[in-house]
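1. any chance you could fold what I've pasted below:
(chains A and B)
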Amino acid sequence: MRELLEAALGAAQRGGATYTEIRALEREHERIQLKNGHMDRADTEISAGVGVRVLVAGAWGFAATAYLDAAHLESAVRLAIDIARASAAVNGAGLRLPSRHAVVADLATPFDIDPFAVSLDQKVQLLTEADDIIHATPGVKVSQAFMDFRREHKRLATSEGSYIEQRRIESGAGISATAVGDGDMQVRTYPGLPTRCQTLAAGYEHIIALKLVEHAADIAREAVDLLTADPCPAGEYDLIIHPSQLVHTIHETCGHAVELDRVLGLEAGYAGTSFLTLDKRGHFRYGSPIVNLTADATTPRSIGSFAYDDEGQAGNRTFLVRDGIFEAYITSRETAQQAGVPSVPSVRAESWEHLPISRMTTISLEPGDSDIDDIIADTKRGIWIANNKSGSIDDHRLNFQFGAEIAYLIENGRLTRLLKNPTYTGITPDFWGSCDAIGDAASWQLYGLTMCGKGEPQQIGRIGHGASPARFRNVRVGVMKLCPSWYTSPMPARPSVSLPTAYMAIPTMCRLHKGQSPCPLRSTVCQCFRTMWLRINGCAR
Amino acid sequence: MLDEQQLSIALQRALGFSTADQTEVVVQGEEAALTRYANNIIHQSVSSEDATLSVRAVLGQQIGVATTNRLDDESLRAVVARAAEIARHQPPNPDFKSLPGPQHIPKAPTYDEATRAASPALRAEGVRQVIARAKQDGLTCAGALATSYHWLGVANSLGVQATHGSSHASLTTTQIGAFSTGYWEAHSAAISDIDPIGVADHAARTALATADQRSIAAGEYDVILSPLATSELIGMLAYIALGALDVQEGSSLLVGHFGEKLISERLTLYDDGSDRHGLPTPFDYEGQPKGRVTFFEHGVAREVVYDSLTASKDGRQTTGHATPPPSEGPAAANIFLAPGSASEAEMIASTKRGIYVTRFWYNRVVHQSKAIVMGMTRDGAYLIEDGRLAGGIKNLRYTESLLRALSNVQQVGRDPLLFGSHSTICVPALKIAAFTFTGRTELR
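-> The predicted structure is shown next:
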């Protein structure tokens, strides 16, 4: 394969390319989905191909082919060059990339149990046990259980002499209960993502650790209870947001807002731009002084992490927001150079046939120093909210609105009643500016989002996010004007309730701290970063 | 270039390799090219070709699906074996009766050779014209000009044999001024139907006319939705309510309401894969002909779309709306809203105070069974005062019930436009009373 790719590099250079990168990818994807006690979907998909990106006369060209032979690859190189020349004719003066050191490496993500070596019977049995519990719960209309596994082998060859091989295993699973009654429908999921599976760069040990069966009864009961729960009230409340919900807010209000390609207008025709314009870097108050947000491509087991991105740049850890001040963007080689800002490598393509573009890595809210029980006890009139159900944000990443599966009213420091259809809305810097308490490292949880759309043709990115629970003061909630009576209906007092165990912590322990969930050191000092990638051989030069 | 003969051979060979009780093979080939521009230059331009082959193997009521993009005999044997292996290791699906049998497939002319053969230089020339229009008024622009060719082949062991090739071209543009933006897009099976200057001009005029933007309070307003904005609301309705699986699982707002008037009598909404005002599609991903399905007839809920699995559960025939394997239920794919008689100018003239919406953005479902949705205005929201467009407004967030909005339709436009590629929506403008905006974008 290496000879094939290097021959294509030579052909590109002879065709006038001043820079070329060729990325070959082989991927296998297995999905299993049970619904109402029977198999709803079971499939595997194998995909392989090569993408060629060239810089010719200062313009980019990209062509991809599924055929892994010399003739098709040379044809793709010629097409990429033709594309670049056609663009250059429109553009005039073009781009030049600064030279860079070559990297040669061969790496793989670690795992304990290869999910592709686990039998389908064993996977189906686990899902069936969880699905049966949900399905047997009176009031549940639809029970579902999911697993999702990917393995891939990516090779990147560049005209600068880099040759990087990366192998990767990802595993995910989740369960869902849908209750229907009296014209209402309520959904509960575990671990709680609209993308169904909680996916990590890990093996089948992650699936076992999720304990799907143990959580099935809780979510089924909650889905049914939500049918008769009070609707979320409307007004301004203090909001305590669980990581299963907060990571989506981070994704939309921070992750996309710090993409430098958006800031520079390169996504204006589709996903939009960002309010975090270049003049704001280094001094704009994005959040309160306790807010620290990072882009960390070295976070262990995150599907947003990588050793080298699709431009061959090593992943790093960077503060995007430090002590509440906006500090950095995520970048590509081109955008970092254009804007004159530090490089925060982030470029990945969905697959071989896609152009590499800037994507979020692992974008996280760093832990604070508060105990979650203390935060609740310290809240006089508030709402505790979890498990994202929907979200929307404007094309500048300012005006957002999110809906969640479940909430509890907080009165005088106690959770007092279950609430359904919770929503909250705000303006990004106002919202983060109202953050006055963040849970400690013990409450920090890592999630994998597998459905982030960006680019044209649209690409689906896989992103990591971590957060501890956090409190935000005076947030507008209850904007779903489903029934005007919601705004005035009296709600009788009820005794205090406890959170289900699912919210205490989902297992995201790292390899070095197996058995202690979550990793007690997962703050900024965890040495597990070192084991994110197993170096098979090779060196950086 | 894809070799359709090779794809047809792969389709038949995979079917021949299977020893399952029933087998279905679906081959999808695509050549896709897209030239993307921003800041008045082409910054991304791509081309790709791929073909995937999916096998659905049936053993009794056990079903397995496997997909590959390797089409040599060894890979075909492997994907067939993998589908059967998956089927063998799973519980039966009691709703499954049989794969569908062969039906007569009508012709659907949606292929244009020039679109398939469009060169990078041709796309670049289209973009150059868009950029030139932007520069006329000191604007910058961003968007994409795309061309594609899609080949679909479906065969099964009961005798289904169907193939179809279609082309598609589209142009999107956002024209950007100092304080405002305008957007427009166009779609067709033929690139020669796309008028880059006309599309750019539409967007540029919006950007210029909304340059001075007022901030208005959230609340209820009469709205006039452009055909594009209408398509976004109708698309969400189709996504959450108009498939048989949504009804069978109780999540569709139509459950228990068939035969009732749920929305304005001014609205007739249907799906028709043979209507030449859209991009005709002769058959679905099970090789079944696409029938006409009427969702709402003068506001009265009538029916939803089916694939073979949901149809067998309800004891009826598929309507030809299966989605690509592995399917997660049928979906409307050629949606039409019957036009009315009003021009957009007449709608505006009849509005004392309201908002004209060019497009919505980031539309999401807040509550599925009640069809509560939310989103933002984007790229050209106008205030209407005393029957005329009175300049731009800052973007607003809406949170609204689709049923309530579609019940409050006061006028239906006379000029439908087509949006989409594989799935299309052809709709006119709508005037809706008391549409609910719940927030506005403002950086303090």
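
2. can you show me the helices along the chain?
-> Picked chain A for this. Applying DSSP state H to chain A gives helices spanning A:2-14, A:70-91, A:120-135, A:204-210, A:212-227, A:243-250, A:260-263, A:333-339, A:372-377, A:428-433.

3. wait, chain B
-> Ranges of helices within chain B are B:4-17, B:73-88, B:113-116, B:120-136, B:196-209, B:227-241, B:244-248, B:308-313, B:344-349, B:402-407, based on DSSP H.

4. so which of the ones you listed is nearest A:Ile393?
-> Closest of those to A:Ile393 is helix B:227-241, at 15.9 Å (criterion: Cβ to Cβ). In short, each C-beta sits where N, CA and C put it, glycine included.

5. show me how the record splits chain A into domains.
-> For chain A, automatic domain parsing gives the domain ranges A:2-227, A:242-374+A:428-540.

6. ok so, going back, could you dump the helices of chain A to TSV with mean pLDDT, mean neighbour count and distance to chain B?
-> Formatted as TSV, the helices of chain A follow (pLDDT from 0 to 100; neighbours: other Cβ atoms under 10 Å in any protein chain shown; distance: least, Cβ to the nearest Cβ, whole Å):
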stretch	mean pLDDT	mean neighbour count	distance to chain B
helix A:2-14	96	17	15
helix A:70-91	96	22	4
helix A:120-135	96	20	4
helix A:204-210	97	22	16
helix A:212-227	97	21	11
helix A:243-250	97	27	11
helix A:260-263	98	26	9
helix A:333-339	96	18	9
helix A:372-377	96	18	26
helix A:428-433	98	22	6
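
7. need those in JSON lines with distance to B:Gln22, can you?
-> Output for the helices of chain A, formatted as JSON lines (distance: least, Cβ to Cβ, whole Å):
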{"stretch": "helix A:2-14", "distance to B:Gln22": "40"}
{"stretch": "helix A:70-91", "distance to B:Gln22": "35"}
{"stretch": "helix A:120-135", "distance to B:Gln22": "20"}
{"stretch": "helix A:204-210", "distance to B:Gln22": "32"}
{"stretch": "helix A:212-227", "distance to B:Gln22": "32"}
{"stretch": "helix A:243-250", "distance to B:Gln22": "41"}
{"stretch": "helix A:260-263", "distance to B:Gln22": "48"}
{"stretch": "helix A:333-339", "distance to B:Gln22": "51"}
{"stretch": "helix A:372-377", "distance to B:Gln22": "54"}
{"stretch": "helix A:428-433", "distance to B:Gln22": "53"}
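
8. quick check, the residue in chain B closest to chain A?
-> Going by Cβ to the nearest Cβ, chain A is nearest to B:Ala142 of chain B, at 3.3 Å.

9. what's the burial count for that residue?
-> By other Cβ atoms under 10 Å in any protein chain shown, 30 other residues sit near B:Ala142.

10. and A:Val104, by the same measure?
-> A:Val104: 14 neighbours (other Cβ under 10 Å).

11. hang on, the earlier thing: and of the helices of chain A, who's closest to B:Gly16?
-> B:Gly16 lies closest to helix A:120-135 among those, at 25.2 Å (Cβ to Cβ).

12. what are the contacting residues of the closest one?
-> A:32, A:34-37, A:39, A:42, A:140, A:143-147, A:173, A:175-177, A:207, A:212-213, A:215-217, A:219-220, B:85-86, B:89-91 (Cβ atoms under 8 Å, 6 or more residues apart in numbering or on different chains).

13. that one vs helix A:212-227, what angle?
-> If you take axes from the mean of the first three to the mean of the last three Cα atoms, to 10 degrees, helix A:120-135 sits at 30 degrees to helix A:212-227.
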